[in-house]
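Novice: heads up, no residue letters with this:
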């Protein structure tokens, strides 16, 4: 059964997308509807007054009612026009305000002039426009009303003994001000009402726009935090948002999952400090913010209790320290310095906005750390805390693909602890687990920063050596084997090792693992506690692997041109690999003497395990 297509309702003309910032706090359609209701109420009120108290609207009530009915027709026509031509709603709205002024001026003239009760409707009209439109429109409308009243007054005045164009309707007062004085008083009151309501409207409008801007900034921050991939990106998004919204001169995000508060993001620091912020230190203001769970306003840092912050923010004044807390636990702090133009005071609105942004950022940091922990656990062996087999396989595929493109070497060392089953049987599995942990730590210390040590399975370990040729790899493998023998254990242990190099001994990652494993078992058969280098695969086996790789690369290229295959020949190419060996697959060179060269720098802690990443496919250029 085929579903009918969905009907999408068109976006209203006054709606704005979430990505764009709108300066209107109230939609134009809502303002138009309210002003139309006020016009209808004004017409109805005039008709009710004409029915209940006609003497109050003399002397020309009938003409005033005719003008009112014409005005009602004009308002109705404008409403129809707005619905038909929605894009011209602003022009229709402005035109109706002009029509309002003409109708009020005519109604006031026909119902008593300067003594007409309609003059109070003009003041109400100004207040309504100031609240519903804007204070600028209110001031323009006050000028329009003043001009209309002056024109009517001048039209009533004659010159040279002749009567004016309009007959006077204001009742003459025996004692009291003249018509000109009454007009001046009315215009003065009109402008006082216009200016006061405009000032109040400007304040309210500015506050509404400011709050709307804060809400949009918070929404944009939430979207940026949702797209952040790690804790560093979360911290940068948080800091960028608060700096852009409130104009701080300098800022720091100090946060960490383990109690330490390193600098995750910074703004306004000098280049040297931003690159090397130093080890996290103690900060009294941050600790006080965590204890009190409140935002602190710090006039100046004291070097005795905040030496680290003082070094990061020299000569800092007027700081805002906002604690970062997620799920009831303090995870860091947001430290900001106000610019010189702000002085020493900060608005409560800004503090509330910072606290809301900090709560969003703290929760996002917590989620990012949890995700990083899950990724680290997925890439790490639970017992030895080094890379697991999944990480090893993806790393080896990636390094072989990189070596294929660059024409470099990649070596693989397979290490197996000798007689490990007997150790488990004689001393128990806890002792065996401790040996595995110590061996893993020893291998990590002996590796270079870009080498990867992994637990391949059971008591077998693998070390990937990017950029190492056969001779250097054999030296490193023997040093790794001796490091295993020196690892702490309940009884002395030894290890056997096998070494293979791409592309000398294998044409792809799988063949490299087989070659190193065959060399390892040759060390086992030769008496253990030794290192054996692979002599390479059989010629027919290597040719088959090269053919399979070429076919897979050809299929992966798809519709690429044949002119881009020059680098593909180099991947299985022979200038770097040399002629394949025809010797037996597991016979090789054994080494048990001390190494003659240092191939790697010793480290003080295990090498960090990189996150699991898919193998980089080979591309020809």
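Specialist: Received, thanks. Worth saying up front: this structure is predicted, and the values here are computed from it rather than measured.

Novice: low-scoring pLDDT stretches of the stretch 101-250 of the chain, where are they?
Specialist: When residues are selected by pLDDT under 70, those of the stretch 101-250 of the chain lie in 158-164, 170-177.

Novice: Oops, could you answer that again for the stretch 401-550 of the chain instead?
Specialist: Judged against pLDDT under 70, the low-scoring parts of the stretch 401-550 of the chain cover residues 536-550.

Novice: Mind doing that once more with 50?
Specialist: Within the stretch 401-550 of the chain, the stretches falling below the threshold (pLDDT under 50) are 538-539.

Novice: Can I take it that residue 507 is in a strand?
Specialist: No: under DSSP: H, G, I helix; E, B strand; the rest coil, residue 507 sits outside any strand and is assigned coil.

Novice: That one: how many residues sit nearby?
Specialist: Here the neighbour count serves as a burial measure; for residue 507 (other C-beta atoms under 10 Å) it reads 28. All C-beta spots, glycine's among them, are computed from the backbone N, C-alpha and C.

Novice: Residue 130 versus that one, what's the distance?
Specialist: Counting by C-beta to C-beta, to the nearest Å, the gap between residue 507 and residue 130 amounts to 82 Å.

Novice: try residue 183
Specialist: The span separating residue 183 from residue 130 equals 23 Å under the rule C-beta to C-beta.

Novice: Neighbour count: those two, which is higher?
Specialist: It is residue 130, of residue 183 and residue 130, that has more neighbours when counted by other C-beta under 10 Å, with 28 against 20.

Novice: Contacts only, for the more buried one.
Specialist: Residue 130 is in contact with 137-138, 194, 197-198, 200-201, counting by C-beta atoms under 8 Å, 6 or more residues apart in numbering.

Novice: Check residue 189 too.
Specialist: Applying C-beta under 8 Å, 6+ apart, the residues contacting residue 189 are residue 123.

Novice: Can you name the element that comes right after the helix or strand containing it?
Specialist: When elements are defined using DSSP states H and E, residue 189 is found to belong to helix 179-227. Secondary structure here is assigned by DSSP H and E; on that basis, the next helix or strand after helix 179-227 toward the C-terminus is helix 231-246.

Novice: Which strands border the next helix or strand after that next one, and is each parallel or antiparallel?
Specialist: Heading C-terminal from helix 231-246, the first helix or strand you meet, by DSSP H and E, is strand 250-255. If you go by DSSP bridges, strand 250-255 pairs up with strand 263-267 (antiparallel), strand 329-337 (antiparallel).

Novice: number of nearby residues for residue 48?
Specialist: Using other C-beta under 10 Å as the criterion, the residues surrounding residue 48 number 10.

Novice: Tell me the spacing between it and residue 41.
Specialist: As it turns out, when the distance is counted by C-beta to C-beta, residue 48 lies 10 Å from residue 41.

Novice: same deal with residue 63?
Specialist: 22 Å.

Novice: Then residue 112?
Specialist: As defined by C-beta to C-beta, residue 112 lies at a distance of 21 Å from residue 41.

Novice: Residue 459 too?
Specialist: In this structure, residue 459 and residue 41 are 91 Å apart, going by C-beta to C-beta.

Novice: With residue 489 instead?
Specialist: With C-beta to C-beta as the criterion, residue 489 and residue 41 are 94 Å apart.

Novice: and those two? which has more neighbours close in?
Specialist: Set side by side, residue 489 and residue 41 give different neighbour counts by other C-beta under 10 Å, the larger being at residue 489 (19 against 10).

Novice: buried set for the helix or strand residue 128 falls within?
Specialist: Here residue 128, judged by DSSP H and E, is contained in helix 118-132. For helix 118-132, burial by neighbour count (16 or more other C-beta atoms under 10 Å) applies to 118-119, 121-123, 125-132.

Novice: Can you tell me the centre-most residue of this protein?
Specialist: Closest residue to the average C-alpha location of the chain: residue 224 at 2.0 Å, with C-alpha atoms, centre = their mean.

Novice: That residue is in contact with residue 239, isn't it?
Specialist: No: taking contacts as C-beta atoms under 8 Å, residue 224 lies outside contact range of residue 239: 10.9 Å.

Novice: What ranges does the stretch 401-550 of the chain have for its helices?
Specialist: Per DSSP state H, counting those that start in this stretch, the stretch 401-550 of the chain has helices spanning 420-427, 429-446, 470-485, 509-525, 539-557. These are given in chain order.

Novice: Same check on the stretch 1-150 of the chain?
Specialist: All helices of the stretch 1-150 of the chain, identified by DSSP H, counting those that start in this stretch, fall at 28-52, 61-84, 89-110, 118-132, 135-156.

Novice: Just the buried positions in the last one, please.
Specialist: Buried residues in helix 135-156, counting neighbours by 16+ other C-beta under 10 Å, are found at 135, 137-142, 144-146, 148-149, 152-153, 156.

Novice: relative to helix 118-132, how tilted is that helix?
Specialist: Here helix 135-156 runs at an angle of 160 degrees relative to helix 118-132 (axes from the mean of the first three to the mean of the last three C-alpha atoms, to 10 degrees).

Novice: which residues sit against stretch 322-329?
Specialist: By C-beta under 8 Å, 6+ apart, the list of residues contacting stretch 322-329 from outside reads 253, 255, 286, 289-290, 293-295, 330-336, 354-355, 358-359, 361-363, 365-366.

Novice: hang on, the earlier thing: relative to residue 516, which of the helices of the stretch 1-150 of the chain is closest?
Specialist: Shortest separation from residue 516 across those is recorded for helix 28-52, at 73.6 Å, computed as C-beta to C-beta.

Novice: Could you give the number of residues near residue 481?
Specialist: For residue 481, the number of neighbouring residues by other C-beta under 10 Å comes to 24.

Novice: contacting residues for it?
Specialist: 415, 495-497, 529-531.

Novice: Residue 138 now?
Specialist: Contact analysis of residue 138 by C-beta under 8 Å, 6+ apart lists 126, 129-130, 194, 197-198, 201.

Novice: rerun that using 10 Å as the cut-off
Specialist: Neighbour list for residue 138: 97, 125-132, 193-195, 197-199, 201-202 [criterion: C-beta atoms under 10 Å, 6 or more residues apart in numbering].

Novice: Against residue 71, how distant is the closest residue to it other than its chain neighbours?
Specialist: With C-beta to C-beta, 6 or more residues apart in numbering as the measure, residue 130 is the residue that lies nearest to residue 138, at 3.7 Å, once sequence neighbours are left out. When distances are taken as C-beta to C-beta, residue 130 and residue 71 turn out to be 22 Å apart.

Novice: Then residue 199?
Specialist: Looking at residue 199 against residue 71, where the rule is C-beta to C-beta, the gap reads 30 Å.

Novice: cool, residue 405 as well?
Specialist: Distance of residue 405 to residue 71, given as C-beta to C-beta: 81 Å.

Novice: Compare neighbour counts for the two and give me the winner.
Specialist: Using other C-beta under 10 Å as the criterion, residue 405 and residue 71 rank with residue 71 on top: 21 against 16.

Novice: Could you report the neighbour count for the nearest residue to that one once chain neighbours are set aside?
Specialist: Distance criterion C-beta to C-beta, 6+ apart; nearest residue to residue 71, sequence neighbours excluded, is residue 103 at 4.2 Å. Other residues within reach of residue 103, judged by other C-beta under 10 Å, total 25.

Novice: close enough to count as contact, residue 103 and residue 70?
Specialist: Yes: with contact defined as C-beta atoms under 10 Å, residue 103 counts as touching residue 70 (8.2 Å).

Novice: Select, out of the helices of the stretch 401-550 of the chain, the one closest to residue 311.
Specialist: Distances from residue 311 to each of the helices of the stretch 401-550 of the chain were compared using C-beta to C-beta; the shortest belongs to helix 429-446, at 32.1 Å.

Novice: List the buried residues of that closest one.
Specialist: Buried residues in helix 429-446, counting neighbours by 16+ other C-beta under 10 Å, are found at 432, 434-446.

Novice: what angle sits between that helix and helix 470-485?
Specialist: For the pair helix 429-446 and helix 470-485, the angle between their directions (the same axes, to 10 degrees) equals 140 degrees.

Novice: Packing partners of helix 429-446?
Specialist: Packing partners of helix 429-446 (3 or more C-beta pairs under 10 Å, 6 or more residues apart in numbering; DSSP states H and E): strand 410-417, helix 420-427, strand 452-457, strand 460-466, helix 470-485, strand 495-502.
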